[in-house]
Each structure stands twice: as C-alpha cells, then as structure tokens.
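In: sequence first, predicted model second:
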Amino acid sequence: MGTPCHYALFELQPTFDIDPESLSSRYRELARQVHPDRFADAGEAEQRHAIERSTNLNEAYQTLKIPSHRARYLLTLEGRELPLEATVQDSAFLMQQMQWREELEELQDNADFSGIASFKGRLKAAQQNLNDSFAGIWRDESQRELAERLVRRMQFLDKLSQEVRQLEERLDD
C-alpha cells in the first residue's frame with residue numbers, strides 16, 4: 001500500500017485554493033490523534049505504524065500549506081513529475097529575477113529597512129499574482145507548460161523571500 005494522497009489525509013478535494021486556517025486546525029487535530037506518544041504502551045508494530053502515520057501527516061501538511069509545494073504536488077497528481085530545479089526558457093522572468101537580485105543587493109548595502117519592507121510587499125503581491133494565475137489554469141491540460149512555468153516562478157520567489165528574511169535577521173543583529 002502506497003502513501004495516501006496528501007489531500008485525502010485531510011479529507012480535502014485536490015485543489016489549489018485551500019483555506020490555510022482550516023488546514024492548520026485539521027492538522028493539529030490529526031496530529032494529536034496520531035502522535036507517537038499516544039502509542040507508548042502499544043506493541044512495537046503499532047508504535048512503528050504511529051510514527052509512519054505521523055511522518056506522512058507532517059509531510060502532507062508541509063506540502064499543502066506552502067503554495068508552490070502544493071502547486072507542484074497537484075501537477076504530480078496529474079501525472080507530471082516536475083524537476084525541482086529546472087532551467088527554464090523564460091527570458092522575461094530571468095530579467096525580472098536579475099532586477100530583484102540587484103535591488104536586494106542594493107538594499108543590503110544601504111541597510112535600507114523601509115526599502116526592504118517595500119520590497120517584501122511587492123514580493124508578496126507577485127507571489128499572490130502567481131498563485132491566482134496558477135489556480136486558474138492548473139487543471140487545463142492545454143495550459144500545462146504555463147502551469148509548470150508558474151510553479152518554477154513560485155519556487156524562485158520562495159527562495160527570494162527566504163533571502164529577504166535572512167537579510168532582515170542579519171541587519172537586526
């Protein structure tokens with residue numbers, strides 16, 4: 001028996017638009033039910049099963065809560081494995097990436113806190129825009145290439161957001 005579908009674990013239909021609050025609350029509820037500590041007095045096989053269920057639940061939650069991971073997962077469910085790091089013929093976005101990186105470097109060099117806050121706001125808007133675009137097309141087989149391109153863009157913005165958080169932490173020290 002394979003690993004259950006992440007959506008099935010949460011009793012959700014496979015879709016991109018999910019409510020993060022209800023996902024989190026369902027996760028906490030399920031995590032309590034399958035927590036290995038609850039099976040401390042059980043037999044070894046039952047303990048192993050509890051650990052496995054807990055691990056599957058954690059993996060499913062991490063996948064579904066992050067939009068880019070959820071998007072990748074949906075495409076995988078549709079039968080298309082998407083390489084994590086794929087070079088992509090997306091010259092417009094490559095230019096955008098270079099501009100963002102240069103801007104971030106400048107913000108770092110100048111320790112520009114208000115500039116960083118503004119950058120984060122634009123980044124968040126760009127992420128929301130990608131999420132909305134993906135939500136509208138991921139089921140359309142004729143749009144598969146665009147859906148994959150959007151996922152790669154989402155992954156880049158995730159990475160850039162992470163870099164912005166790290167920059168803020170460095171500047172706070």
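Out: Looks like it arrived, so ask away.
In: give the rounded mean pLDDT of stretch 37-48.
Out: Stretch 37-48 shows a mean pLDDT of 83.
In: can you get me the start-to-end distance on that stretch?
Out: 11 Å (C-alpha to C-alpha, to the nearest Å).
In: V34: how many residues sit nearby?
Out: Using other C-beta atoms under 10 Å, V34 has 19 neighbouring residues. Where C-beta positions appear, they are placed from N, C-alpha and C, glycine not excepted.
In: quick one: secondary structure of the nearest residue to it once chain neighbours are set aside?
Out: Leaving aside its chain neighbours, V34 sits nearest to R53 (4.3 Å; criterion: C-beta to C-beta, 6 or more residues apart in numbering). Put simply, R53 is helix when judged by DSSP: H, G, I helix; E, B strand; the rest coil.
In: run a quick neighbour tally on R53.
Out: A count of nearby residues for R53, using other C-beta under 10 Å, gives 19.
In: look up the closest residue to the residue nearest to the spatial centre of the chain, ignoring the ones flanking it.
Out: Using C-alpha atoms, centre = their mean, the residue of the chain that lies closest to the mean C-alpha position is I66, 2.7 Å off. In space, and not counting its chain neighbours, I66 is closest to D158: 7.2 Å by C-beta to C-beta, 6+ apart.
In: give the full set of residues in contact with that neighbour.
Out: Shown in contact with D158 (C-beta atoms under 8 Å, 6 or more residues apart in numbering): I66, S68, Q127.
In: sec struct for it, please.
Out: D158 - assigned by three-state DSSP - is helix.
In: where's it relative to R70, distance?
Out: 12 Å (C-beta to C-beta, to the nearest Å).
In: where in this structure is pLDDT low?
Out: Low-confidence regions of the chain, defined by pLDDT under 70, span residues 1-4, 83-89.
In: ranges for the helices of it?
Out: Along the chain, the segments classed as helices by DSSP state H run 6-9, 20-34, 44-65, 67-77, 91-109, 113-137, 144-172.
In: sweet, I'm off.
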